[in-house]
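1. give me the fold of what follows.
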Amino acid sequence: MCAAYVVTLGPAAIRMILSSPDPLELGEALSVELMNGPNAAAEVRYNGNAEVCSALALPSGTIYTATPLSYNGCTAFHRPMTGAELIRLAREQGGSQIAGQGYYVLDILSAESAFVRRPRPL
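-> Numbering: from 1, shown residues only. Predicted coordinates for the structure are as follows:
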């Protein structure tokens, strides 16, 4: 049985998960909250120029979304995966069947990052 969507993590998102007090809970939030999650009404969408996009007039091209997660006040920054990325992912996983859609999570920001500017450890 396939999940509703697959999640692929970028390097910054991986670092955040590995430094999280509860990486499994954060992973669970990512696996169920990026699409129609409990905070979907609070999502903000951006185009490639970091300009906020209205849900009524989404431009063509890649749209990035900031989704508040229920885990510890974190926000996930993600974009939909392309068909080619999903095919490549299925091939990399040995040809296994995967969901028809997925999200690439670029970064996960903690709530306090809105107030404190400091580099995260590499």
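2. so, low pLDDT: which residues of this structure?
-> Within the chain, the ranges that satisfy pLDDT under 70 run 1-3, 54-60, 114-122.
3. helices of that one, start to end?
-> For the chain, the helices defined by DSSP state H occupy 11-19, 23-33, 83-92.
4. quick check: longest strand of the protein.
-> With DSSP state E setting the assignment, residue counts place strand 102-109 as the longest strand in the chain.
5. any idea how far that one is from the chain center?
-> Distance of strand 102-109 from the chain centroid (CA atoms, centre = their mean, to the nearest Å) equals 3 Å.
6. that strand - which strands sit beside it in the sheet, and in what orientation?
-> The sheet places strand 102-109 alongside strand 6-9 (parallel), strand 75-80 (antiparallel), with pairing taken from DSSP bridges.
7. of the helices of the chain, which is nearest P68?
-> helix 23-33 (8.6 Å; CB to CB). Bear in mind the C-beta positions are built from the backbone N, C-alpha and C, glycine included.
8. and the closest one, C-alpha only, in PDB?
-> Below are the C-alpha coordinates for helix 23-33, written out as PDB (Å, rounded to 0.1, in the frame of the first residue of the first chain):
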ATOM      1  CA  PRO A  23      13.300  12.900  15.400                       C
ATOM      2  CA  LEU A  24      10.600  10.200  15.100                       C
ATOM      3  CA  GLU A  25       7.800  12.600  16.100                       C
ATOM      4  CA  LEU A  26       9.200  15.300  13.800                       C
ATOM      5  CA  GLY A  27       9.300  12.700  10.900                       C
ATOM      6  CA  GLU A  28       5.800  11.700  11.700                       C
ATOM      7  CA  ALA A  29       4.600  15.300  11.500                       C
ATOM      8  CA  LEU A  30       6.300  15.700   8.100                       C
ATOM      9  CA  SER A  31       4.700  12.400   6.800                       C
ATOM     10  CA  VAL A  32       1.100  13.500   7.500                       C
ATOM     11  CA  GLU A  33       1.000  17.300   7.700                       C
END
